[in-house]
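Engineer: give me the fold of what follows.
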Amino acid sequence: MPEILSSIPHKVIGVGVIRNHNGEILIDRRLKSGEMAGLWEFPGGKIEPNETVEECIRREIREELGVEVAVQERLLTIHHEYVKFTVTLLVHHCQYLSGEPQTIECDEVLWVKVEDIDQYTFPEANTKIVDTLKMQAK
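Structural biologist: Now for the predicted structure:
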């Protein structure tokens, strides 16, 4: 039987859960226009052709926030279906190395404690990341 191909775009995204020396996690608020405007997110972006997920995460975080990170082990992989597209998030732990977080491609940047993360509204696909971080903090 032939495979049915979806006409919905699929995005593969490298995501970094960046921790500083205090154990806080870096999150940023999406711009007020575009997809999921104004929601908070863990930094990252689309993987370019011939780019590893680790290279993508380093590049995206440098371009969007002006921060250097060391990409570490994979935390989890998330497949999520939105109405207009599907997404695969390849989520990695990252260690903050240097740079002052800047709002280069976002509206706001914050270092937050895991126990305070429920105060921020994230896109649906990020729910599993938040849940995993809270479970690990127990």
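Engineer: list the buried residues for the lowest-mean-pLDDT helix or strand in the chain?
Structural biologist: Least confident helix or strand of the chain, by mean pLDDT, DSSP states H and E, is helix 127-137 with a mean of 94. Buried positions in helix 127-137, judged by neighbour count with 16 or more other C-beta atoms under 10 Å: 128, 129, 130, 133. (C-beta placed from N, C-alpha, C; glycine too.)
Engineer: quick one: average pLDDT of the helix ranked longest in the chain?
Structural biologist: When the chain is parsed with DSSP state H, its longest helix is helix 53-65. Helix 53-65 comes out with an average pLDDT of 97.
Engineer: and it, how far from the chain's centre?
Structural biologist: 10 Å (C-alpha atoms, centre = their mean, to the nearest Å).
Engineer: what does stretch 18-26 give?
Structural biologist: Chain-centre distance of stretch 18-26: 14 Å, with C-alpha atoms, centre = their mean.
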